[in-house]
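**Q** Just need the structure, nothing else, for what follows:
(one chain, ligands or ions: 1)
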Amino acid sequence: MGIASLPIVDIRHLLLRRPSRYLVTRLLKLITGSVDHYNGPETAIAASIDAEIRHLQAIAHYHVGKIWGYANGIAIYGHGIMYHYAVGATGTIYWLRNLSDILWHCGHGTGNTTTVAVHTPIGGKQHPTDKQWNAKVMLFEALADDRGFNVKSNTKGHMEWGQSECPGPVLMPMLDAWRKEPAAPVIKRYRIKFNDANCRQGPGLNFPVAATFHAGHEFDGKRILGQAINGNPWWIHRAIDGLGMFHESLCEEV
Ligand SMILES: [Zn+2]
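**A** Numbers count the residues shown, from 1 in each chain. Next comes the predicted model:
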């Protein structure tokens, strides 16, 4: 299932561009991977398509106005937003630039030439919404299907190409865990290790507690990705009653 099968909102025409002789294009067959990015600082974007587009327009404005380097003492400005796609909290995938455009996004010549840049407009310790994460994984898979590269080995965080914190302390562990995840979720038997273990309605500490269980309680569950706690983003979702999920640190496999 390639890109053409995904619902993608094309906003290329809504984003500021600057004609530039430094815009270099490539043959699509040179694309061998994708790169995940985040915003750096936290964002305060309403989960609406209008607000997400305004945010992307502001980034385009910033990238066009920024001096990226100098040639013979003359400033080199950006030719447009330096991401090919973005995925908002609404789960909307936005198309920002032609895939044939080589963008300056990961601080590495080969990385820029051979990858597709995908932006997630969250920052700091913000967590992607489920819709946002799922849409982004679908996008990575579709890009890999179209170009015939291995999605798990060739989807990287910005920091894996160049000096950067990007995609940050939340997305990088999620990306890494997803890459190591087996193809299909496996249901296993788990036992709760501690008394008063919280079963939450979602995979994060900000979700309400659905129920509390004591040490020794057993259930069937499957691992899902969620908020990283002490660097561990895995949660165990109760597979049978759907009551909720425990952070993996509260459970052991039986
Ligand atoms: Zn980045």
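**Q** only C-alpha atoms for contact and neighbour calcs from this point on.
**A** Fine.
**Q** Bridged to the nearest residue to G157 once chain neighbours are set aside, which residues?
**A** Using C-alpha to C-alpha, 6 or more residues apart in numbering and skipping the chain neighbours, the partner closest in space to G157 is D36 (4.8 Å). Each beta-bridge partner of D36 is listed here: V118, G157, as defined by DSSP bridges.
**Q** Look at D36 and report its pLDDT.
**A** Here, the pLDDT recorded for D36 equals 98.
**Q** gap between it and the ion?
**A** Applying C-alpha to the ion, to the nearest Å, the value for D36 to the ion is 7 Å.
**Q** for stretch 243-254, the distance to its chain's centre please.
**A** Distance of stretch 243-254 from the chain centroid (C-alpha atoms, centre = their mean, to the nearest Å) equals 24 Å.
**Q** which outside residues touch stretch 21-32?
**A** Judged by C-alpha atoms under 8 Å, 6 or more residues apart in numbering, the contacts made with stretch 21-32 from elsewhere in the structure are 76, 79, 99-103, 113-116, 144, 147-149, 154.
**Q** Stretch 238-246 now?
**A** Contacts made with stretch 238-246 from outside it, assessed by C-alpha under 8 Å, 6+ apart, are listed as 187, 197-203, 210-211, 219-222, 235-237.
**Q** Can you go through the residues you listed and name the buried ones?
**A** Using 16 or more other C-alpha atoms under 10 Å as the burial test, the contacts of stretch 238-246 include 187, 197-203, 219-222, 235-237 as buried.
**Q** Which single residue in the stretch 1-150 of the chain comes nearest to the ion?
**A** Using C-alpha to the ion, the point where the stretch 1-150 of the chain gets nearest to the ion is H37, with a distance of 4.0 Å.
**Q** Let me see the contact set for that residue.
**A** When contacts are counted by C-alpha under 8 Å, 6+ apart, H37 touches 117-120, 157-158, 166-167.
**Q** filter these to the buried ones?
**A** Neighbour counting over the contacts of H37 (16+ other C-alpha under 10 Å) leaves 117-120, 157-158, 166-167 as the buried ones.
**Q** Okay then, goodbye and thanks.
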